[in-house]
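[1] turn this into a model:
(2 chains)
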Amino acid sequence: MESISKSIPKRDHFPKISGSAKYVDDLSFEGMLHGKIVRSTVACADIKEILIPDLPEGYFVIDKNDIPGINSVHIVDDDTPVFSDGTVNYVGEPILMVAGKDLKVVNRLMKLIKVVYDEKEPVLDMMKSETIFYQYGYTKGDWETAFREADKIIEEDFQTGYQEHTYMEVQGMIGFYENGKSIVRGSMQCPYYVHTAVKRAMGLESDKVQVIQEEMGGAFGGKEDYPSILGCQVAVAAYKTGKPVKVVFDRSEDIICSPKRHPAKMHYRAAIKNGKITGIDADIVYNCGAYTTLSPVVLQRGLICATGVYNFKNLRVRGKGVKTNTVPNGAFRGFGGPQTFFAIEMFMDHLAKEIGMDSLSLKESMVVKQGDDSATSGKYHFHIPFPEMIEKLDQMSDFRKKREAFRNQTGRYRSGIGLSLVYHGCGFTGSGERDLIKGVVKIVKNTDDTVELLTAGTDMGQGLKTAFAKIASDTLEIPLERIIVQNPDTDRVPNSGPTAASRSLMVVGKLLQRAAEKLKRDWKPGEYQEFVEKYVHPDFMIPWDLSKFQGDPYPDYSWSANAVEVKVDTLTATTEIVGAWGVYDVGTPIDMAIIKGQMQGGFLQAIGYGSMELLDVNDKGVIRNNSFSDYIIPTSMDVPHLETEVVENTYDNGPFGGKGAGELPAVGGAPAYVEAMENALGVNLHHTPFSQEDTMKVLEAFKK
Amino acid sequence: MVTFSNGYLVDNLADALKIRSEIDVTPYAGGTDLMVDAKEDAVYLFLNKIPELRRIYSDEQYLHIGAACTYTEIFENSLSPQILKDAIDYLAAPAIRNMGTAGGNICNASPKADTALIFYVADAKLRICNTSGERILPIEDFYVGRGKTVLQKDELLVEILVPKQGLEHYYYKKVGARQALAISRVAFAGIFTTENGIITRCAMAFGSVADTVLRFRDLEALFVGKSIAEAKSIRSQFIANYEQAIVPIRGRVSAEYRKSVCMNLLEDFLTQNGI
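    You can find the predicted model right below:
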């Protein structure tokens, strides 16, 4: 183990464990008002009329007419309104805000407001949508010939469901308007995203908008785009009322209106010739919901991952993101990857049966290695440690032996074991780092020889402050106590980009390391010094061309091999998870305990995605699973035996050899779980979440 | 007695019953259900400091469990039958078990109540008091429907009376959505006793299936007084009766799923008892 990997207490450990950390909900300011948002109760309508009661003194209604700038939230595109522009496109769409001193009075006023709708037929089924937001595709080799000359063509449909982030801290923001300046503070991953959005909605110049991140209790991607929407709303409310306005959701509101993982439907075809897979053709649909938010990039990543970790010579991948009258979906740990990885991993398992191989042997025979072309005709530039990872996983889980032993079982309990091989591309997709983000960091040495790291990177619990401090401390060879990392404030920090895409450590951490190296060379004791470092695109990369969907979408990838063992009770159709084992390559772990924590939490979340996390809209477009009694996530009791290991495979362009880690464990859990269920039940399965009821249907079908 | 802005805290049963007879109050034992959806204008009668409601003791025939005893207290008491401990062991999570009470579980009148199922199958009785006296009734007679009981505005549930004999040979299975903090989706409890090869009791209760816990004494009676071999010969008829009697409602899971689990567990219960 590298010395930097040795664990230290996380910087947010004591405040969060002791309860002294202050979150948005804990903050109060002089004269502060509480806001609640009136939301659409129907999925698709024109608003005919809004009936507002007489408001008591000091109570306000804030709507689209109060927006000084443009009624649009800039995310990737600009179609999301700050407040409804007269139409509503999903249940939960914000129409207006009620704000006032006493939250009880605000709640009472909310109930007196009547919105009169002219309802239209909503589109709830993604396959029936006629509005395509985004469409991409690519080919490699000669897929047409592969299919024309195939001995056999196998076709299957796969489906993945919603997933809710269930961060412990719900969405919350406070807006201020002081001396012509708009200030927004709150729970967010990306302060500069909020900054850009508020500027536009408020019609202000950059220096008249300030965004400050407060302590954050989890995000998982759910606070990448949504804070831009809520940030604009509180900014407008503060502008109208002249007072600070705080909005903190309750849990059901958060589940109803914040983004989720995109549900997907995926049609796969495989050409088989002489017992080999000669071509893959994938046709993918992601349900974006009512507005585009981050969908183009989510879909791009999904399509890049569509053929998994295998070297197929001939392929065609097509995909589209479509509009439905449902809550807009957005970023979620894995960002489009878990959907297609589920499909390809299950498909490989099924194809192995067709060919007459066991699935791991088939996967091993086709897995990519250094120097291979990628699906998008880029290159895998670095060592891919799958052989040693699979070996390690087999030692930990006894996979091969169990898989064989679990065939053809009878009796009340049926065991199964499944395995998945996945990656997560590190950094912003495509040419985003070079063309859009252009990250900048600043490092300041104070006269007392403490060093402050200034980036827009946010700590949401994933340990970024700790990791950044370790990188600077080890580079400068000064004690950790002299490194200062504060929550970002856009008045103080440069735009180092969003805290997303498993990029912070690899990209921003590397910039910090470079800046620290410069400071170290030029260190002047007792003097104030500052260094700015700008992103440099790695020159080894094959340029990404979005129009052709070709090139290197990422400089490097993190890899994982996952195994899950289950025991199914055929009387109750309940499944016990006997063990879960994960082996990960995240480059050099910058802190082993943080990495282990990320891997375990992510793996558990991914098993939840594969098994019990069921959320859907009814025929009116309403999410019924809007509480923790109805949206079931796994507890540690559900996977009591969860083992994770890392293999060290340093990435030279990352700080101390580190690369992306946070999202990787969320990718492979679902296919490993569902493959285990296949092994136990002896059937092919095609969807997540695979629930108790689904298991019962399979068992009942056997009886007949 | 201490008066709060939202209710009354009393330290003896007589005072509690007096308040109950005079004021419209919501009895509050552990609060683990009431607090989930707390009403702003509710007036509570806090019961957790009343010694008469906190005792567990036994007489010749019954184990008496005070209605405000917490799950943890019941679980840790050596007098408690194992079937009840099994149910508590799989109920919610430790924090809730430290606060929630058996009386609250019963009076909340949810068909999913984990301990109510056990009291049903165990032929438990409830001692209910008001200022003028008490009445004792079988738990089945306490429920009118989902969330509805015969408890009057001036009454309090004081004790649960669990028969001491005949609970040793039991079968219990709860199906939740996960391994902890799980609301029951289907729960089954069975008690089987024989004397000299003759079945004296074959009790079965089904939770989370209908508006109340289900138990069919008339169907159980088919086996009583018969030998195992005789019971075996009419097993299919016995099962068919239940197949007809159990009509689950759909909720978080489908009626079909609930039905399948009920029937599978019932059959397994019979099989394990040699029938």
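[2] now name the helix or strand holding the nearest residue to residue A:155 once chain neighbours are set aside.
    Closest residue to residue A:155 apart from its sequence neighbours, by C-beta to C-beta, 6 or more residues apart in numbering or on different chains: residue A:269 at 4.9 Å. (Glycine included, C-beta is placed from N, CA and C.) Counting by DSSP states H and E, the element that carries residue A:269 is strand A:264-273.
[3] next, the buried residues of that strand.
    Neighbour counts over strand A:264-273 (16 or more other C-beta atoms under 10 Å in any protein chain shown) mark A:264-266, A:268-272 as buried.
[4] of all those, which comes closest to residue A:436?
    Distance from residue A:436 was checked for each of the buried residues of strand A:264-273 by C-beta to C-beta. The minimum falls on residue A:264, at 24.9 Å.
[5] what residues are up against the closest one?
    Residues in contact with residue A:264, defined by C-beta atoms under 8 Å, 6 or more residues apart in numbering or on different chains, are A:158-160, A:284-287, A:302, A:339-340, A:343.
[6] switch to 10 Å and redo it
    When contacts are counted by C-beta atoms under 10 Å, 6 or more residues apart in numbering or on different chains, residue A:264 is found next to A:126, A:158-161, A:284-287, A:298-299, A:302, A:319, A:321, A:329, A:336, A:338-340, A:342-343, A:688.
[7] likewise for residue A:39?
    A:84, A:88, A:90-96, A:110, A:115, A:253, A:256-257.
[8] would you map out the domains in the chain?
    Because you didn't say which chain, this covers chain A. Chain A resolves into domains spanning A:24-122+A:165-257, A:264-429+A:551-703, A:439-534 when parsed by automatic domain parsing.
[9] actually chain B
    Each domain of chain B, as a residue range, per automatic domain parsing: B:2-163, B:170-272.
[10] list the contacts for residue 117?
    Here I'm looking at chain A. For residue A:117, the contacting residues are A:40-42, A:44-49, A:87-88, by C-beta under 10 Å, 6+ apart.
[11] I was thinking of chain B, sorry if that wasn't clear
    Applying C-beta under 10 Å, 6+ apart to residue B:117 gives the contacts B:83-84, B:87, B:105, B:111, B:139, B:172, B:174, B:184, B:187-189, B:205-208, B:213-215.
[12] can I assume it sits in a helix?
    Yes - note on residue B:117: a helix contains this position according to DSSP: H, G, I helix; E, B strand; the rest coil.
[13] can you read off the pLDDT for it?
    At residue B:117 the predicted local confidence, pLDDT, stands at 98.
[14] need the nearest residue in space to it, chain neighbours excluded.
    Residue nearest to residue B:117 in three dimensions, not counting chain neighbours: residue B:207, with 4.0 Å by C-beta to C-beta, 6+ apart.
[15] OK, contacts around the one you found?
    Applying C-beta under 10 Å, 6+ apart to residue B:207 gives the contacts B:87, B:110-114, B:116-118, B:120-121, B:174-175, B:184-189, B:213-214, B:262.
[16] now do it, the pLDDT please.
    Residue-level confidence at residue B:207 comes out at 97, pLDDT.
[17] where's it relative to residue B:115, distance?
    For residue B:207, the distance to residue B:115 under the criterion C-beta to C-beta, to the nearest Å works out to 10 Å.
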